[in-house]
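# Got a predicted structure here, sequence first:
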Amino acid sequence: MSNGNFVWYELMTTDVAAAKTFYTGLIGWGTQSMEGPMDYTMWTVGDNPVAGMMDLPEEARKMGAPPHWLGYVSSDDLDASLAQVSALGGNVLVPVTEIPGSGRFAVFADPSGGVLGLYHSAADAGPDTGPSADPGLISWHEHMAPDLDKAWEFYEKLFGWKKTEAMDMGEFGLYQMYGKNEHTYGGMMKKPAEMPGPATWAYYINVADMDGAVEKVKATGGTVMNGPMEVPGGSRVAQCTDPQGAVFALHGK
């Protein structure tokens, strides 16, 4: 039913111009304007689009949605995937919508409120690939849920994800990594009780210079919430917010 591979990322923000200045300076992304019925900017690495940005829709603002990053997972059959979302206790937030010449998308919330997008390309699906460690690309996808077992059951049934390695984080519980077809996409963990609100997704952007990137975040209006700290495998990570409040993370050697 579903490929289950992360294929796109989208920043929905309250200040497109300011966000463009922040991320191009921090990550080194280029930008391309995409023609269509709405203003849409694509983030690029070289000539390759890697993510997008748009103004946070008015409907979302009225519902209290803050600026945020949204990941999209590939689906062979959007209608069937959304039916399964509902059957598993999730909610459809945006029904199947056509993108002329590109494909179709939808957005849903899992039973604990974690939000993801679904995407079906109009072109033939390429090979299943894992995250890349190249600078400027998303290298990790992290889910924090109030009930880790419930979250895992939902996503395993929806996308066919499999458990890979796991790490005992002591008082924070188990950090369960997941993936598909020999690729590890990210990790899941229980959301700490002191963090209110629904389940969350966080996306880690790979950078060549972690120390320099952290200083740029601070100097350009963002906030470093945690880190940099070492993680297994010889990498370091830092969780941040941009000047408009969207949560993102940095990942580097």
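On my side now, so go ahead. Quick caveat, the model's predicted, so the values are computed rather than measured.
# Just list the residues touching Leu137, thanks.
By CB atoms under 8 Å, 6 or more residues apart in numbering, the contact list for Leu137 reads 45, 50, 131, 205-206. Where C-beta positions appear, they are placed from N, C-alpha and C, glycine not excepted.
# List just the nearest of the residues you listed to Thr241.
Ile205 (13.2 Å; CB to CB).
# okay, now the closest one: neighbour count?
26 (other CB atoms under 10 Å).
# tell me how far the ends of stretch 242-253 are from each other?
Using CA to CA, to the nearest Å, the end-to-end distance of stretch 242-253 comes out at 22 Å.
# Only alpha carbons, please: show the lowest-mean-pLDDT helix or strand in the chain as CSV.
The least trusted helix or strand in the chain, going by mean pLDDT, DSSP states H and E, turns out to be helix 58-62, with a mean of 83. C-alpha atoms of helix 58-62 as CSV (Å, rounded to 0.1, in the frame of the first residue of the first chain):
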residue,chain,number,x,y,z
GLU,A,58,-5.0,31.2,7.2
GLU,A,59,-7.1,28.2,8.2
ALA,A,60,-4.2,26.8,10.1
ARG,A,61,-3.5,30.1,11.9
LYS,A,62,-7.1,30.3,13.0
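# what's that helix in contact with?
12, 14.
# For the helix or strand following that helix, list the C-alpha coordinates in CSV.
Next in sequence after helix 58-62, counting helices and strands by DSSP states H and E, comes strand 68-74. Presented in CSV, the C-alpha positions along strand 68-74 are these (Å, rounded to 0.1, in the frame of the first residue of the first chain):
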residue,chain,number,x,y,z
HIS,A,68,6.3,24.3,11.7
TRP,A,69,8.2,21.8,9.5
LEU,A,70,6.1,19.1,7.9
GLY,A,71,7.5,15.8,6.5
TYR,A,72,5.9,13.9,3.6
VAL,A,73,6.0,10.1,3.3
SER,A,74,5.5,8.3,0.0
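# Within its sheet, name the partner strands of strand 68-74 and how each one runs.
According to DSSP bridges, strand 68-74 forms sheet pairs with strand 6-13 (antiparallel), strand 115-121 (parallel).
# Just to check, Gly227 is in contact with Gln239?
Yes. Counting by CB atoms under 8 Å, Gly227 does reach Gln239; the two are 6.2 Å apart.
# Sketch out the low-pLDDT regions of the stretch 151-253 of the chain for me.
Within the stretch 151-253 of the chain, no range satisfies pLDDT under 70.
# can you give me the strands in it?
Under the criterion DSSP state E, counting those that start in this stretch, the stretch 151-253 of the chain contains strands at 162-168, 174-180, 183-190, 200-206, 223-231, 235-241, 247-252.
# any chance of these in a markdown table, plus distance to Trp8?
Formatted as a markdown table, the strands of the stretch 151-253 of the chain follow (distance: least, CB to CB, whole Å):
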| stretch | distance to Trp8 |
| --- | --- |
| strand 162-168 | 22 |
| strand 174-180 | 17 |
| strand 183-190 | 14 |
| strand 200-206 | 11 |
| strand 223-231 | 25 |
| strand 235-241 | 21 |
| strand 247-252 | 15 |
